[in-house]
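S.K.: have a look; sequence and predicted model below, questions after that.
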Amino acid sequence: MWQLVEHPEQPGERVDLAAHALELLLTVCRHCVVDGQPGARMRNAYAVSRIVDYLDHHFTADVSLAELAAKFAMSVSVFRKKFRAVTGVSAIDYLINLRLRHAMTLLLEKSLPISAVALRSGFGDSNYFTRQFHLRFGMTPSRFAGLDAGEQQRLLQEGAADLVVDGPRDRNAEARPRRGK
């Protein structure tokens with residue numbers, strides 16, 4: 001992992017680093033004692049680490065929050081609460097982030113149409129993919145694909161950090177007036 005930090009050479013290595021950092025954070029969370037309730041906190045962190053592992057390996061699957069909750073024997077409300085408490089983001093945002101990271105690496109290849117990138121990344125609707133991509137990165141997937149390799153790498157590194165550390169972010173939220181106000 002340290003080599004990835006010092007010498008990122010391949011497209012997506014920074015993304016891999018960010019994913020490893022999140023895994024490390026989850027491992028640390030498993031061993032935390034907070035509010036004098038070590039057992040409950042550790043069980044929550046362990047349950048969420050299993051969910052994260054599942055999502056990391058099945059992010060292209062078409063799955064609903066209710067299906068995920070049922071798979072891990074939780075109600076939807078408990079599932080939401082536990083996931084956000086441990087990771088800091090909602091399960092849906094985490095899943096979208098995984099899909100967007102994968103999409104960015106596919107876009108580096110420049111050989112796939114946007115609709116194929118969307119499908120291979122787990123987005124059933126390329127319009128929804130484009131909206132999510134634009135929301136997170138301030139540009140369309142087509143524009144990203146058209147950038148030179150150096151600029152793509154820079155954005156990939158920045159985007160991966162934003163997605164993993166901060167969760168989803170609407171970079172233009174402060175600049176846009178709210179509708180109806």
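M.R.: Cool, the structure landed. Numbers count the residues shown, from 1 in each chain.

S.K.: this structure: helices as residue ranges?
M.R.: 2-6, 13-30, 38-58, 65-71, 76-87, 91-109, 114-120, 126-137, 141-146, 149-161 (DSSP state H).

S.K.: tell me which of those helices sits most buried.
M.R.: Across these, the average number of neighbours (mean count of other Cβ atoms under 10 Å) peaks for helix 91-109, which reaches a mean of 21. Just so you know, the C-beta spots here come from the backbone N, C-alpha and C atoms, and that holds for glycine as well.

S.K.: between it and helix 126-137, how many degrees?
M.R.: Between the axis of helix 91-109 and that of helix 126-137 there is an angle of 90 degrees, by axes from the mean of the first three to the mean of the last three Cα atoms, to 10 degrees.

S.K.: check which helices and strands helix 91-109 sits against.
M.R.: helix 13-30, helix 38-58, helix 65-71, helix 76-87, helix 114-120, helix 126-137, helix 141-146, helix 149-161 (3 or more Cβ pairs under 8 Å, 6 or more residues apart in numbering; DSSP states H and E).

S.K.: in this protein, where is pLDDT below threshold?
M.R.: Filtered on pLDDT under 70, the chain yields the residue ranges 1-15, 17, 24-41, 159-181.

S.K.: quick one, domains of this structure?
M.R.: Structural domains assigned to the chain are 12-89, 93-166, following automatic domain parsing.

S.K.: about what we covered before: for Ala103, which of the helices and strands packed on helix 91-109 is the nearest?
M.R.: Proximity of the helices and strands packed on helix 91-109 to Ala103 was assessed by Cβ to Cβ; the nearest stretch is helix 114-120, lying at 5.3 Å.

S.K.: for that closest one, output the C-alpha coordinates as PDB.
M.R.: Coordinates of the C-alpha atoms in helix 114-120 are reproduced here as PDB (Å, rounded to 0.1, in the frame of the first residue of the first chain):
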ATOM      1  CA  ILE A 114     -20.900   5.900 -21.900                       C
ATOM      2  CA  SER A 115     -23.900   3.500 -21.900                       C
ATOM      3  CA  ALA A 116     -21.600   0.500 -21.600                       C
ATOM      4  CA  VAL A 117     -19.600   2.100 -18.800                       C
ATOM      5  CA  ALA A 118     -22.800   2.800 -17.000                       C
ATOM      6  CA  LEU A 119     -24.000  -0.800 -17.300                       C
ATOM      7  CA  ARG A 120     -20.600  -2.300 -16.400                       C
END
